[in-house]
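**Student:** No sequence on hand, only this structure:
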DNA sequence: ACTTTTTCTTACCCTTAGGTAATATATTCA
DNA sequence: TGAATATATTACCTAAGGGTAAGAAAAAGT
């Protein structure tokens, strides 16, 4: 769109903003390429030269956008984490039973795990991060744990979920979900949506409270 | 123990064997220390100097027992893999329904995952291995997948397991199990046995074939 | 067109850690 | 005790790769 023809007095801010945008686009391109390479080869075997090469630039150019390799790693993790936390916020604000919320987060989380930034949440090693960044990631992991446990706890309270060991249940569900980040391949025969739909049912089916017979035994 | 005083005619093989044993013990000590350090710090951040230091020796001494760092990594993986495959063989030979076999392997697998060599199956990066070794590990992972799917398939065939998507079911169960290798801490409040017992029920509860509604069999 | 700022490249530094050579020290065995 | 073997140490090499300095090239602003 050529704004000069429409607006005779272009704001001096526009070029600045467009420059900012271009910069951010390049930054994101670096992150996309980096996370891809980190996943393919592992963080340590992947080199910044390799990242730069894929972008048709040279290594030092990367340092216009990031302060260090670890910085890139941490940002990749942050993007994945933010996606998850956004969905958790949405789910928290959702009306409905704990079981419903759990089903919702399981499905969306599965979808995220099938993306590169999502997989980076479980494929990267926290000990490759600096102490401050490591603390941030560990706190993030705890928040995810807490969210899942919260939905289960709510479900038990509102009667939608059969009473169970909350901690182990959350571990089991999160394990099944996180494992997606290890086995999912974009060129496979399963789409993220299929996985999300299946897992949202599969991982919660055993938890739903069944209609009370005289003696309710084990959950389905 | 001074064998010379007891046996007047000592076989020339005995010293040799005892030396072999001592050697193997040292080898295993290296592996135990190495796997521990690899898990604590990650393969790349952990150094052979660090491994040697914990053993009160120096780095080159390690090369009396292993040809390279990668060699050590691969052996750690192999030990974990062997433990799993042993249990799979046992389970294969077991009598009983597919569901029973699945419960059995889930429990034992959970226990293995709560050990250092077991965790090494999921905490280490295949791309840190040489091409031949990587092929071996990938083949190993496939064998585990195949075993789990086999039990599920058998269970469906013999009527102990409700028909389901075999592949996704196996992924979900293996994910929950493998995740143990990431969260289990020996100093936590859960013992491997507790986890094994819980998971063997938890991860299979949703699969068991329920009494058919047609026949209206009320639970006693 | 000229200046300034941003972005990128070439050339380089330098630490780290895996691996090796030469050699010393135990240990075994006769 | 002395030769042979096994095992460990000291000292060193070397490649790889993260990171930096100086300056060229491109873009923006005037």
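**Tutor:** Noted; the coordinates are in hand. For clarity, every value in this text was computed on a predicted model and none was experimentally measured.
**Student:** rest of the way, CA atoms for contacts and neighbours
**Tutor:** OK.
**Student:** Which helix or which strand is home to residue A:202?
**Tutor:** Of the helices and strands defined by DSSP states H and E, residue A:202 is found in helix A:192-205.
**Student:** Just confirm yes or no for that helix near chain B.
**Tutor:** Yes - counting by Cα under 8 Å from any Cα of the partner chain, contacts between helix A:192-205 and chain B involve A:203, A:205.
**Student:** One more: stretch A:122-136?
**Tutor:** Yes - contact check for stretch A:122-136 against chain B, using Cα under 8 Å from any Cα: residues in range are A:125, A:127, A:128.
**Student:** Can you tell me what sits against that stretch?
**Tutor:** The list of residues contacting stretch A:122-136 from outside it, by Cα atoms under 8 Å, 6 or more residues apart in numbering or on different chains, reads A:39, A:42-43, A:70, A:73-74, A:137, A:178, A:181-182, B:40-42, B:45.
**Student:** buried stuff in stretch A:40-55?
**Tutor:** Of the residues in stretch A:40-55, those scored as buried under the neighbour-count criterion (16 or more other Cα atoms under 10 Å in any protein chain shown) are A:42, A:43, A:46, A:47, A:48, A:50, A:51, A:52, A:55.
**Student:** out of those residues, which touch chain B?
**Tutor:** Counting by Cα under 8 Å from any Cα, the subset of those that neighbours chain B consists of residue A:42.
**Student:** from the buried residues of stretch A:40-55, which is closest to DNA strand C?
**Tutor:** residue A:52 (7.6 Å; Cα to the nearest atom of the strand).
**Student:** what about the closest one, helix or strand, and which?
**Tutor:** Under the assignment given by DSSP H and E, the secondary-structure element containing residue A:52 is helix A:48-54.
**Student:** and what of residue A:180?
**Tutor:** Using DSSP H and E, the element containing residue A:180 is helix A:166-183.
**Student:** Specify which member of the contacts of stretch A:122-136 is nearest to DNA strand C.
**Tutor:** So of the contacts of stretch A:122-136, ranked by how close each gets to DNA strand C (Cα to the nearest atom of the strand), first place is residue B:45, at 5.5 Å.
**Student:** wait, what's in contact with that closest one?
**Tutor:** A:128, B:38.
**Student:** Also residue A:117?
**Tutor:** For residue A:117, the contact set (Cα under 8 Å, 6+ apart) comprises A:35, A:76, A:77, A:79, A:80.
**Student:** and it, what helix or strand is that in?
**Tutor:** With the criterion set as DSSP H and E, the secondary-structure element containing residue A:117 is helix A:116-123.
**Student:** what's the offset of that helix from the middle of its chain?
**Tutor:** Relative to the chain's own centre, helix A:116-123 is displaced by 7 Å; criterion: Cα atoms, centre = their mean, to the nearest Å.
**Student:** measure residue A:53 to residue B:21 for me?
**Tutor:** Using Cα to Cα, to the nearest Å, one gets 51 Å for the distance from residue A:53 to residue B:21.
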